[in-house]
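Undergrad: Have a look at this fold, sequence not included:
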């Protein structure tokens, strides 16, 4: 089981949906597990948008994934949390 957090654009809240039948440890995943996860993520968004509707058929044709290097992200967060740098220059 994997918990998927869903935040739909235009809404102020996020929900957590569960995708069943997938090991929590990603190192154990097979291609079949990844397919199930991708489909589960799409269905989670669909259920969040329209909880009363029937699940539609899914055809995976492509996937766009935005990933940023963890080290780069950590540095960015550190810079933001550190606040603005005080200038030592005298003008």
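TA: Happy to help now that I have it. Model, not experiment: these values are computed from the prediction.
Undergrad: Residue 39 contacts residue 60, doesn't it?
TA: Yes. Using CB atoms under 8 Å, residue 39 makes contact with residue 60 at a distance of 7.1 Å. To be clear about C-beta, it is placed using only N, CA and C from the backbone, and glycine gets the same treatment.
Undergrad: Look at those two and report which has more neighbours.
TA: Using other CB atoms under 10 Å, the more surrounded residue of residue 39 and residue 60 is residue 39, with 15 against 9.
Undergrad: On the pLDDT front, check the residue lying closest to that one once chain neighbours are set aside for me.
TA: Residue nearest to residue 39 in three dimensions, not counting chain neighbours: residue 58, with 4.9 Å by CB to CB, 6 or more residues apart in numbering. As predicted, residue 58 sits at a pLDDT of 86.
Undergrad: Count the neighbours of residue 58 for me.
TA: Using other CB under 10 Å, residue 58 is surrounded by 12 other residues.
Undergrad: my guess is it meets residue 44, correct?
TA: No. Judged on CB under 8 Å, residue 58 makes no contact with residue 44 at a distance of 11.7 Å.
Undergrad: Need the residues touching each of those two.
TA: Here residue 58 and residue 44 have no joint contacts, going by CB atoms under 8 Å, 6 or more residues apart in numbering.
Undergrad: circling back to that earlier point, does the residue nearest to residue 39 count as helix, strand or coil?
TA: Under the three-state scheme (DSSP: H, G, I helix; E, B strand; the rest coil), residue 58 adopts coil.
Undergrad: Done for today, thanks.
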